[in-house]
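3D, please:
(one chain, ligands or ions: 1)
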Amino acid sequence: MAKGRTEMEVGADGVAVITICNPPVNSLSIDVLLSLKENYGEALRRNDVKAIVITGKGGKFSGGFDITSFGSVQGGKVEQPKVGYISIDIITDTLEAATKPSVAAIDGLALGGGLEVAMACHARISTPTAQLGLPELQLGVIPGFGGTQRLPRLVGLTKSLEMMLLSKPIKGEEAHQLGLVDSLVSADDLVNTARRWALDISEFKRPWIKSLYKTDKLEPLGEAREILKFARAQARRQAANLEHPLVCIDVVEEGIVSGPRAGLWKEATAFQGLLFSDTCKNLVHVFFSQRATSKVPGATDLGLMPRKITKVAILGGGLMGSGIATAMILSNYPVLLKEVNEKFLNAGIDRIRANLQSRVRKGKMTEERYEKAISLVTGVLDYERFKDVDLVIEAVIENVKLKQQIFVDLEKYCPSHCVLATNTSTIDLNLIGEKTKSKDRIVGAHFFSPAHVMPLLEIVRTQHTSPQVVVDLLDVGKKIKKTPIVVGNCTGFAVNRMFFPYTQSALLFVDLGMDVYKIDRACTKFGMPMGPFRLADLVGFGVAVATGMQYLENFPERVYKSMLIPLMMEDKRAGEATRKGFYKYEDKRKATPDPEIMKYIEKSRSMAGVTPDPELMKLSEKDIVEMVFFPVINEACRVLDEGIAVKASDLDIASIFGMGFPPYRGGIMFWADSIGAKYIHGKLEEWAKRYGNFFKPCSYLAERAAKGIPLSAPVKQGKARL
Ligand SMILES: C[C@H](O)CC(=O)SCCNC(=O)CCNC(=O)[C@H](O)C(C)(C)COP(=O)(O)OP(=O)(O)OC[C@H]1O[C@@H](n2cnc3c(N)ncnc32)[C@H](O)[C@@H]1OP(=O)(O)O
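Below you'll find the model as predicted:
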């Protein structure tokens, strides 16, 4: 069965309107592209057609090449057209070179291949809010239908590189200012304006422009070379492990130096190569996994509609509470912020103001928008105004008794439909709701600090939480632009459980003689935003110790009790906030290695009673990365086995958005499978024998390693806790 098509209708005015039809985003499958070529052939043959308009069905031009086909192409399951067939034969030599002019009528989105088709038309009409961009790099490929050649010729080199390298779309309005779009109109007038424009071109009342041969926006060669040099340096700095941004720059350069036709050929060949790269496979996996997190068995498959959440209350104006409030008001939810006294309340509101002000300073928010956002917050000291709230998020300190009392109060003062959420990062939800009769509407809404910036929202569901409540919270998550993962109830839930061994193994290896900074360096080279020690400094040692205690209580058999952090805390060295931790911070947030930490390390080593292992000193960076991350994989396996997470891909997303795991490695479980369960199991066994139980592989990992089953393969349904 064909996957999408284009439809052509010829009007009495002599304009053939070709509509891309392939829901949900009118992606360009091979079937769509072949149908487009066929429609074009007919339009060019027919004497009653003077000009052509291309548009998309249902208010969306096109979301680009069909990403669902990447997997089958990579797996060799479908035959591919020969290199250059789509980009050169269809888009350049059929569309752009046609003897009749064409105009793209763009609403909704024109991304990737979608924008590339539009750029091959002889003019573009758009709505002001349409999104236009070439985000291919976020999938590990480069634009492959001529985008690397036409975009620089339409908007100049600097802007085009920015749009491609950052995968950042622009709105119709900006596209018009830049010259990418010729005119802006409302959605209602779109197709008619495009028809008129196309006829005008055919009657030579407007210019007939082939973007590929435009030169007026291109910088002179010397200047262009400087811009390309700068872009290369920046790409290397931002993601040293990635090749495809540099390939993109090379391809753009080829077009400028050797002409656009040579550029098109280089682009087509490079696209083909990159399509089969691990980076592309990993990033496509991330694309689909991210969308799959909101498909939750037993919740989103029951036909439930999210209820309207109009008013939100937040308890606690500390770092988390004020961050959550900021996230809410940024998406226009009115918020009641409750604190215990005036002083704390004012401090909470001040934090929200500061969060917003920082956006204003960075030019991300206007003063007017700031005023509107802050006006959505109402500070309160009691529950009087809670009678009409639809969602409460408790974000007070991690104290079980206090939380239990709060939920008893909430049950009393909130309406019976109100969703009762807690932002606890570790405490069992059943314990928090123990004294209420509302267990079906108690749910975890675990944000990550700073809550208005970090993209992940862990939604924790107990065996009592109703599916409706999960659906409601998923909807709020989407509205506040978070990526949700729905997980089961246990100490640390999914993200913190995976996170914990990251620092633990690092601390263990330092006791065994390894260098703190060498470990951090190996992790950042691997692609983490920071190593475990820099991260401990950022989070603060107080939090690290409190979390450690929770783990010691719940999983004593696999906690390594290092004394290093407590020893440093005795000297009021508690991380970045105290300007001293594993690093020193003399100048704002800049971390500098501190030789002083050796005295704590030596003391910690002697307290641990271990002798440094000379073998460890010889390890390569790859070995260090394995030693830090294999325990993380081991814990992720336990989380899956216990049914805390429903699917491995949710843990991939959790690791990327919660821990900063490099997305181009596909997420923790996808990466693990690329290495193989057998190898990971073997290493963990070896280390367990040498260094203790912390490394002992769990039964899930052992079983899969023995049977050769991928770690990401679905878990038996009976086990799932959700
Ligand atoms: C040769 C060329 O140069 C190569 C290319 O064109 S590569 C493709 C370039 N295009 C892109 O990268 C755009 C990718 N898509 C997106 O960024 C976003 O999906 C979007 C902005 C189009 C829409 O976002 P949003 O409204 O939030 O909806 P979202 O949930 O993401 O997508 C809706 C559905 O469309 C699917 N979809 C989106 N873009 C798609 C594409 N290009 N191909 C196939 N399916 C696509 C999604 O998987 C999702 O499917 P699901 O409902 O089964 O989960």
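
can you tell if stretch 651-669 touches the ligand?
No. For a cut-off given as CB under 6 Å from any ligand atom, stretch 651-669 has no contacts with the ligand; the smallest distance is 13.4 Å. Using the backbone N, CA and C atoms, a C-beta is placed for each residue, glycine as well.

Next, the buried residues of that stretch.
Neighbour-count burial for stretch 651-669, with 16 or more other CB atoms under 10 Å as criterion, is recorded at 651-659, 661-669.

quick one: which helix or strand includes residue 565?
For residue 565, the host element (DSSP states H and E) is helix 564-570.

which secondary structure elements does that helix contact?
If you count contacts as 3 or more CB pairs under 8 Å, 6 or more residues apart in numbering; DSSP states H and E, helix 564-570 packs onto helix 495-511, helix 541-554, helix 597-608.

Could you export the ones you listed to TSV, including columns for distance to the ligand, mean pLDDT and mean neighbour count?
Output for those, formatted as TSV (distance: least, CB to the nearest ligand atom, whole Å; pLDDT from 0 to 100; neighbours: other CB atoms under 10 Å):
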stretch	distance to the ligand	mean pLDDT	mean neighbour count
helix 495-511	22	91	24
helix 541-554	33	85	16
helix 597-608	44	94	16
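
export those helices to TSV and tack on distance to residue 402?
Shown next, in TSV, are those (distance: least, CB to CB, whole Å):
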stretch	distance to residue 402
helix 495-511	20
helix 541-554	15
helix 597-608	34
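
Out of those, the one nearest residue 64 is which?
helix 495-511 (31.0 Å; CB to CB).

Which is the succeeding secondary structure element to the closest one?
The helix or strand immediately downstream of helix 495-511 is helix 516-526, counting by DSSP H and E.

got the angle for that next one vs helix 597-608?
Inter-element angle recorded for helix 516-526 and helix 597-608: 100 degrees (by axes from the mean of the first three to the mean of the last three CA atoms, to 10 degrees).

Now the element after helix 516-526, going C-ward?
Counting by DSSP H and E, the next helix or strand C-terminal to helix 516-526 is helix 532-539.

now the angle between helix 541-554 and that next one, please.
110 degrees.

So what's the gap between helix 532-539 and the chain middle?
22 Å (CA atoms, centre = their mean, to the nearest Å).

same thing with stretch 405-414?
Centroid displacement of stretch 405-414 relative to its chain, using CA atoms, centre = their mean, is 35 Å.

which outside residues touch it?
Around stretch 405-414, the neighbours that count as contacts under CB atoms under 8 Å, 6 or more residues apart in numbering are 313, 315, 383-384, 386-387, 389, 392, 394, 396, 418, 420, 422, 432-433, 435-438, 442.

Residue 244: what's its closest spatial neighbour, skipping adjacent residues?
Closest residue to residue 244 apart from its sequence neighbours, by CB to CB, 6 or more residues apart in numbering: residue 274 at 5.3 Å.

ok so, going back, what is the rounded mean pLDDT of the helix holding residue 565?
On average, the pLDDT along helix 564-570 is 96.

So what's the gap between it and the chain middle?
On CA atoms, centre = their mean, the centre of helix 564-570 falls 35 Å from that of its chain.

One more: stretch 573-586?
The chain centroid and the centroid of stretch 573-586 are separated by 30 Å, computed with CA atoms, centre = their mean.

Just the buried positions in it, please.
If you call a residue buried by 16+ other CB under 10 Å, then stretch 573-586 has these buried ones: 573-576, 578, 580-585.

Over to stretch 457-475?
Within stretch 457-475, the residues that count as buried by 16+ other CB under 10 Å are 457-462, 464-475.

Please see if that stretch touches the ligand.
No. Using CB under 6 Å from any ligand atom, stretch 457-475 stays clear of the ligand, with a minimum separation of 12.7 Å.

Look at the residue in the stretch 251-400 of the chain that the ligand sits nearest to and say how many residues are nearby.
Distances between the stretch 251-400 of the chain and the ligand by CB to the nearest ligand atom are smallest at residue 291, namely 4.0 Å. Residue 291 is flanked by 12 other residues according to other CB atoms under 10 Å.

where are the low-confidence patches of this protein?
588, 716-722 (pLDDT under 70).

Domains in it, by residue range?
Annotated domains of the chain cover 5-276, 312-489, 497-719 [automatic domain parsing].

and the residue in the chain that the ligand sits nearest to, how many neighbours does it have?
Nearest residue of the chain to the ligand, counting by CB to the nearest ligand atom: residue 112, 2.4 Å away. Counted with other CB under 10 Å, the neighbours of residue 112 add up to 28.

how many neighbours does the closest residue in space to it that isn't next to it in sequence have?
In space, and not counting its chain neighbours, residue 112 is closest to residue 64: 2.6 Å by CB to CB, 6+ apart. When neighbours are counted by other CB under 10 Å, residue 64 registers 28.

Just confirm residue 64 contacts residue 27, I think it does.
Yes. Counting by CB atoms under 8 Å, residue 64 touches residue 27, with 6.3 Å between them.

could I get the domains of the chain as TSV with distance to residue 287?
Output for the domains of the chain, formatted as TSV (distance: least, CB to CB, whole Å):
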stretch	distance to residue 287
domain 5-276	6
domain 312-489	12
domain 497-719	9
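
which residues sit against the helix or strand containing residue 378?
Per DSSP H and E: residue 378 is located in strand 377-380. Contact with strand 377-380 is made by 317, 325, 329, 334-339, 345-346, 348-349, 352, 385, as judged by CB under 8 Å, 6+ apart.
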